[in-house]
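In: When you get a sec, could you give me coordinates for this:
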Amino acid sequence: MTAGYEHRPAQLEMAELVHDAFQSHRHAIVEAGTGTGKNAGVFVAGDLQRAARGDFHGDKIACKNSCTKKDVPFLQKYFAPNLKVAVMKGRSNFLCKAKLHQMADQPMLRGMEEMDSFRQIREWSKLTETGDRASLRF
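Out: You can find the predicted model right below:
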């Protein structure tokens, strides 16, 4: 096993189950506890199938922010160097400028803390390129 990673039998079992489902064009429902390595297990089982067929070039995979930091770099390094990843988020994760402007005219902010937060959000709204709430630093 590569340094910094550990062999997880449950992860391997899950990957084999997902692999078998891909092979036989069936659905698979897998429940696994925290620390099992569900992201990597599913990626390895499903996406190595496509990598083996050469289907990775230009492909994108939607995944959570957490897997982009560890699982994806591992897979890119050892299994799929052409893997491209896109993090998909719902609209509730982004600033709504219409609501921001609407709130500026409303006396609905309570207390200094809310007023300070609103001021910081308004300043951030002028600088952010994406409006992704994850980039707020308070």
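In: Which helix runs longest in the protein?
Out: The residue-count maximum for a helix in the chain (DSSP state H) belongs to helix 111-127.
In: residue contacts, Thr130?
Out: Phe94 (Cβ atoms under 8 Å, 6 or more residues apart in numbering). Placement of C-beta: from N, CA and C, glycine included.
In: Poorly predicted segments of this structure, please.
Out: By pLDDT under 70, the low-scoring segments of the chain are 1-2, 5, 39-66, 107-111.
In: Mind doing that once more with 50?
Out: 51-60, 62 (pLDDT under 50).
In: Which residue ranges of it form helices?
Out: So, for the chain - with DSSP H - the helices run 9-23, 38-42, 48-52, 65-69, 71-78, 97-104, 111-127.
In: And those: which comes nearest Met88?
Out: Closest approach to Met88 among the helices of the chain is made by helix 65-69 (10.3 Å; Cβ to Cβ).
In: what about the spatially closest residue to Ala104 that is not a sequence neighbour, neighbour count?
Out: Nearest-residue entry for Ala104: Arg122, 7.2 Å, with adjacent residues in sequence omitted and distances by Cβ to Cβ, 6 or more residues apart in numbering. Neighbour count of Arg122, defined by other Cβ atoms under 10 Å: 14.
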